[in-house]
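*Asks:* Build the 3D model from these lines:
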Amino acid sequence: MANTSLPAAAGLGTFERWLSIWVALAIGAGLLLGNLFPGLFGALAALEIASVNLPVAVLIWAMVYPMMVGVDFGSLARAGDKPKGLVVTLVVNWLIKPFTMAALGVLFFNYVFAGLIPPDDAQAYLAGVILLGAAPCTAMVFVWSNLTRGDATYTLVQVSVNDVVMVFAFAPIVAFLLGVTDIVVP
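*Replies:* Prediction:
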């Protein structure tokens, strides 16, 4: 019997093209529902084990699962044949992004919006920007790779290497940036 499967269409589909709109609508729906049903969302927030929110854990797994089923574990050894993507990812995630996020945080919270935000709140927001800026979101890497029909195996290698680097680099980078900005995080 002849193979009648068609190759994936090139470019982004309708969902992917309008993703920013879908995200904005989801945020709006979340805000509306949270205000209409605060008890329900309080109950969902209370579903925790070891300080991990179970609904969030399930939703993150749902984000990662579609990409993970496409991984060809037999070809993991060949991922090093294309080092350029891995090098770009490491340089951006660990040498550019944390420092850029900290600089933008200082610019906006200490200067641009200084008159609008109380100083203690500005320092807390800045600490949050530094913590988030130094942590690559691995679940979103899987989602974007899946949306753009990327190589699932190569994506797994990129995420895994970033996670290993995160174990060693996150704390020193965050400590340095928090120290430079004179922020104490308990």
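*Asks:* which secondary structure elements does the longest helix along the chain contact?
*Replies:* As assigned by DSSP state H, the longest helix anywhere in the chain is helix 152-180. Counting contacts by 3 or more Cβ pairs under 8 Å, 6 or more residues apart in numbering; DSSP states H and E, helix 152-180 is packed against helix 54-68, helix 83-91, helix 97-107, helix 119-133, helix 138-147. Every C-beta, even on glycine, is put in place using the N, C-alpha and C of the backbone.
*Asks:* helices and strands around the last one, which ones?
*Replies:* Helices and strands touching helix 138-147, by 3+ Cβ pairs under 8 Å, 6+ apart, are helix 54-68, helix 152-180.
*Asks:* Flag the shaky bits of this structure, pLDDT-wise.
*Replies:* Scanning the chain for pLDDT under 70 picks out 1-11, 186.
*Asks:* Now do the SS call for the closest residue to P136 other than its chain neighbours.
*Replies:* Closest residue in space to P136, ignoring its immediate chain neighbours: N93 at 4.7 Å, by Cβ to Cβ, 6 or more residues apart in numbering. Look at N93: counting by DSSP: H, G, I helix; E, B strand; the rest coil, its state is helix.
*Asks:* Make 828 the starting number, not 1.
*Replies:* Done: numbering now begins at 828, and the last item shifts to N920.
*Asks:* ok, N920 to L839 distance?
*Replies:* 24 Å (Cβ to Cβ, to the nearest Å).
*Asks:* Look at those two and report which has more neighbours.
*Replies:* Taking neighbours as other Cβ atoms under 10 Å, N920 and L839 compare with N920 leading, 21 against 13.
*Asks:* mind checking how far the more buried one is from S902?
*Replies:* For N920, the distance to S902 - Cβ to Cβ - is 24 Å.
*Asks:* do the same with T916
*Replies:* 19 Å.
*Asks:* So which of those two has more stuff around it?
*Replies:* T916 (19 against 14).
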